[in-house]
Each structure stands twice: as C-alpha cells, then as structure tokens.
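1. got a structure for you, letters missing:
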C-alpha cells in the first residue's frame with residue numbers, strides 16, 4: 001500500500017512529461033505532412049531543387065543550347 005505513495009506521483013510526472021513532449025511536437029510541425037516522407041523515398045533526387053543550383057543549371061543549359069545552334073564560340077586553346 002505504501003508503494004502507491006511513490007507510484008502515483010511518479011505516474012503523474014511521467015504523464016506531464018509525455019504531454020509536454022507531445023505538445024512540443026505539435027507546435028514544431030512534426031505532424032503537418034504525414035504522406036510526404038513516405039513519397040519522398042520513392043522520388044529521384046538526381047536534380048536537387050536548390051535555388052542557386054537551379055539557376056546556375058538553367059543558365060548553363062541556355063548557354064549550351066545557344067552555343068550548339070549558333071555560331072561557334074572562340075575556344076581558349
């Protein structure tokens with residue numbers, strides 16, 4: 001019977017800690033996109049969508065496209 005004086009407050013403390021942890025996960029947005037992580041593993045990540053890299057890649061493709069259809073560019077040889 002005396003063990004209840006230890007177990008009941010311990011259970012209440014653990015419940016408060018678990019509730020605080022759950023509220024923290026909700027506040028930080030852990031449950032916002034439940035399906036995205038499941039689909040992310042199926043998608044190819046060959047071309048990362050980083051804005052700086054995407055802009056450089058697009059500029060390089062435009063340069064290559066313009067260079068292949070127009071006059072030859074002078075070489076640095």
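-> Perfect, I can see it now. Predicted model only: the values in this text are computed from it and were never measured.
2. nearest residue to the middle of the chain?
-> For the chain, residue 37 is the residue whose C-alpha lies nearest the centre (CA atoms, centre = their mean; 8.5 Å).
3. in which helix or strand does it reside?
-> Per DSSP states H and E: residue 37 is located in helix 36-40.
4. and that helix, how far out from the chain's middle?
-> The chain centre lies 10 Å from the centre of helix 36-40; the measure is CA atoms, centre = their mean, to the nearest Å.
5. now swap in stretch 56-67 and tell me
-> In terms of CA atoms, centre = their mean, the centre of stretch 56-67 is set 29 Å apart from its chain centre.
6. now swap in stretch 5-20 and tell me
-> Stretch 5-20 sits 34 Å away from the centroid of its parent chain (CA atoms, centre = their mean).
7. just stretch 32-41 next, same as before
-> Distance of stretch 32-41 from the chain centroid (CA atoms, centre = their mean) equals 10 Å.
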